[in-house]
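J.: Quick one, structure for this:
(one chain, ligands or ions: 1)
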Amino acid sequence: MQSIKTLRSTRHFLPEPVPRSTIEDIIDTARWTGSARNRQPWRFIAVTTDALRIELSKLGRYAGHLAEAPLILVLLSADNGFTDTEFDMGRICQSLCLGAHDRDLGTCVTTFHPSDNVTRLVALLGIPSGWLPHHAIAIGRGDPHRHRRPSAVPTGRLPGSTLLTWA
Ligand SMILES: Cc1cc2nc3c(=O)[nH]c(=O)nc-3n(C[C@H](O)[C@H](O)[C@H](O)COP(=O)(O)O)c2cc1C
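T.: This is a model prediction of the structure:
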């Protein structure tokens, strides 16, 4: 419960690399996330090279922080036409972020918007047909000295009394 409450987005990172084994461990746990009909409509590409990270950071207004993240996990969703796929992707994404948080790694879910950036990313990473990279997770050790820049997006959360009604 505490992990859910303390998971916040990190957009400033220290340059220290994320060990390959750490990402493999996080995925090894997150892969147990349930999905509709157990389709597991997800695959991941870990990006660590400077050149590619900088290219990815240029893919839209909301992706700038990717240049600083030592590791970018690109989330591929199956282009299978099922409405449940989006739901499944949200679940695996939260599992991955909580797994990273558990290891004191910061994360920021990132959207490649608008869709021509998705097309560019497909070409850049040579993603096979049938898979779409709409989102990525920036992962790395958060920089405690450049904590959080003011955001145009409101912070905080709606109270439970607004969210829940009983019938
Ligand atoms: C589906 C999704 C897409 C997001 N896309 C971006 C993004 O493109 N760029 C970004 O900086 N943050 C992005 N975020 C992070 C949200 O802005 C953030 O989670 C929200 O403002 C709440 O802040 P917190 O995570 O620090 O609690 C995204 C989050 C989600 C769940």
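J.: Where is the longest strand in the protein?
T.: strand 131-140 (DSSP state E).
J.: roughly how far is that strand from the heart of the chain?
T.: Its chain's C-alpha centre and that of strand 131-140 lie 5 Å apart, by CA atoms, centre = their mean, to the nearest Å.
J.: Go through stretch 110-128 and flag the buried ones.
T.: 110, 112, 117-118, 120-122, 124-125, 127 (16 or more other CB atoms under 10 Å). Where you see a C-beta, it was placed from the backbone N, CA and C, and this is true even at glycine.
J.: Let me know the closest of the residues you listed to the ligand.
T.: Nearest to the ligand among those is T110, at 4.4 Å by CB to the nearest ligand atom.
J.: The closest one and A136 touch, don't they?
T.: Yes: applying CB atoms under 8 Å, one finds T110 in contact with A136, separated by 4.8 Å.
J.: Which stretches in the chain count as strands?
T.: Ranges of strands within the chain are 42-47, 71-78, 106-111, 131-140, based on DSSP E.
J.: wait, which of those is closest to D84?
T.: Taking CB to CB, strand 71-78 is the member of these nearest to D84, at 10.5 Å.
J.: Could I get the CA-only coordinates of that closest one as PDB?
T.: Written as PDB, here are the backbone C-alpha positions of strand 71-78 (Å, rounded to 0.1, in the frame of the first residue of the first chain):
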ATOM      1  CA  LEU A  71      17.500   3.400 -19.300                       C
ATOM      2  CA  ILE A  72      14.300   3.700 -21.400                       C
ATOM      3  CA  LEU A  73      12.000   0.800 -21.400                       C
ATOM      4  CA  VAL A  74       9.800   1.100 -24.600                       C
ATOM      5  CA  LEU A  75       6.500  -0.700 -24.100                       C
ATOM      6  CA  LEU A  76       5.200  -2.500 -27.200                       C
ATOM      7  CA  SER A  77       1.500  -3.300 -27.200                       C
ATOM      8  CA  ALA A  78       0.100  -6.000 -29.500                       C
END
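J.: I am finished for the moment; much appreciated.
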